[in-house]
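Student: Starting from these lines, generate the structure:
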Amino acid sequence: MKRREFIAGLGATVTLPLGARAQRPAMPVIGFLGIGTLEEARANFAPVSRGLAEAGYVEGRNLSVEFRCADYHSEQLPALASDLVQRQVAAIIAPSGPAISAAQAATKSIPIIFFTGFDPVASGFVASLNRPGGNLTGIFTLNPELLTKRLELLRELVPAAKSITLLLSPTGITSTEAVLQKLKEAASALGVELLFQKATERAEFEEVFEMLVRERTGALLVGSDAVFTNNCDRLVALTARHNIPAMYPIRECSEAGGLLSYGTDYYDARRQVGIYVGRTLRGEKPADLPVQQVTKIELVINMKTAKALGLAFPLSMLGRADQVIE
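Tutor: Numbering: from 1, shown residues only. I've put the predicted structure just below:
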């Protein structure tokens, strides 16, 4: 072979693979729409990434993730959701009620996989649990039913309490009022006054607890809003400082020193979110994926904290506990 022909042939063998490489599909990009901080979003994404891995997707290998976080300024969520839509992400993870509402308003085509304690049907996220319709589906933690049970357990533990305060974060979700009305009725049946305190970010916690002391609340029922579940350590420290018995929605709070918790396994629920995202990346439609309800409920009690507060768990409650922290 002549030298010039050899060089021409060599050039052909190099350009073909480069051309083929250009034909490969781009790595899919998904969005995570967080109401809190980027650090919290990353922590909450960890179990999601495990579910994604089970579905065959690993961040940095065959998947990219775009985080958009509102730092607890929920009014920023619509713009952040629109930014993800303009980015043309393949799916949006919405792990809070306000994030779901913002994502739902931003797109009717991109799959939205949610993680919520709000009733997704009553809140208008899906048409039904079995047949979601539209572009939303996800995981529901049954919080409306659990909230009343938490109140009952807290009342059982602190029977002398004349008032119990619910700590919640304003969300604008349509189903909230019905849930709170049901809780008021339950409190009345238990013979205890139900009070309300609101907080939208961690910086407000100090002021909230000062108000709880002034109101002489008998016990605290912590809501399952992201600002609270993301900041268990701070809430636990404040309840200990002010000697307030408190019921939490997740076991992580009891493990951090909280008195007791009653709720679902958030880690596993978020893992299921990852599995659902993976299924949509493979072409399945949210409308065909039933909303999954997390039915495993855990009661975790902290004996050390109870002793510090001068409380004794009833034997019946100890017998029902899934975990007793000594």
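Student: hey, where'd the strands end up in the stretch 201-326 of the chain?
Tutor: 219-222, 246-248, 260-264, 292-293, 297-302, 323-325 (DSSP state E, counting those that start in this stretch).
Student: out of the ones you listed, which comes closest to G36?
Tutor: strand 219-222 (15.8 Å; CB to CB). From N, CA and C alone the C-beta is placed, and that goes for glycine too.
Student: So which elements touch the closest one?
Tutor: helix 143-157, strand 163-168, strand 246-248 (3 or more CB pairs under 8 Å, 6 or more residues apart in numbering; DSSP states H and E).
Student: Mind listing what's buried along that strand?
Tutor: 219-222 (16 or more other CB atoms under 10 Å).
Student: circling back: what would the helices and strands packed on strand 219-222 look like in CSV with distance to T176, mean neighbour count and mean pLDDT?
Tutor: Formatted as CSV, these follow (distance: least, CB to CB, whole Å; neighbours: other CB atoms under 10 Å; pLDDT from 0 to 100):
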stretch, distance to T176, mean neighbour count, mean pLDDT
helix 143-157, 9, 19, 92
strand 163-168, 8, 22, 96
strand 246-248, 19, 28, 97
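Student: Mind putting the ones you listed into CSV with distance to L195?
Tutor: Below are the helices and strands packed on strand 219-222 laid out as CSV (distance: least, CB to CB, whole Å):
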stretch, distance to L195
helix 143-157, 12
strand 163-168, 4
strand 246-248, 14
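Student: closest to G124 out of the strands of the stretch 201-326 of the chain?
Tutor: Closest to G124 of those is strand 292-293 (CB to CB; 17.6 Å).
Student: How about A127: what's its closest non-neighbour residue?
Tutor: G133 (3.9 Å; CB to CB, 6 or more residues apart in numbering).
Student: Packing partners of the host helix or strand of N44?
Tutor: For N44, the enclosing helix or strand under DSSP states H and E is helix 38-54. If contacts are counted by 3+ CB pairs under 8 Å, 6+ apart, helix 38-54 sits against strand 29-34, strand 64-69, helix 266-281.
Student: Poorly predicted segments of the protein, please.
Tutor: Low-confidence segments of the chain, defined by pLDDT under 70: 1-25.
Student: how near is the residue most central in space within the chain to T305?
Tutor: Residue closest to the average C-alpha location in the chain (CA atoms, centre = their mean): P95, at 4.6 Å. From P95 across to T305, the span is 28 Å (CB to CB, to the nearest Å).
Student: swap in L180?
Tutor: Distance from L180 to T305, by CB to CB: 27 Å.
Student: now L157
Tutor: Distance from L157 to T305, by CB to CB: 11 Å.
Student: which residues in the stretch 1-150 of the chain form helices?
Tutor: 3-22, 38-54, 77-86, 97-106, 143-157 (DSSP state H, counting those that start in this stretch).
Student: Using a markdown table, lay out the ones you listed together with distance to V300.
Tutor: A markdown table is the format used below for the helices of the stretch 1-150 of the chain (distance: least, CB to CB, whole Å):
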| stretch | distance to V300 |
| --- | --- |
| helix 3-22 | 52 |
| helix 38-54 | 18 |
| helix 77-86 | 31 |
| helix 97-106 | 24 |
| helix 143-157 | 11 |
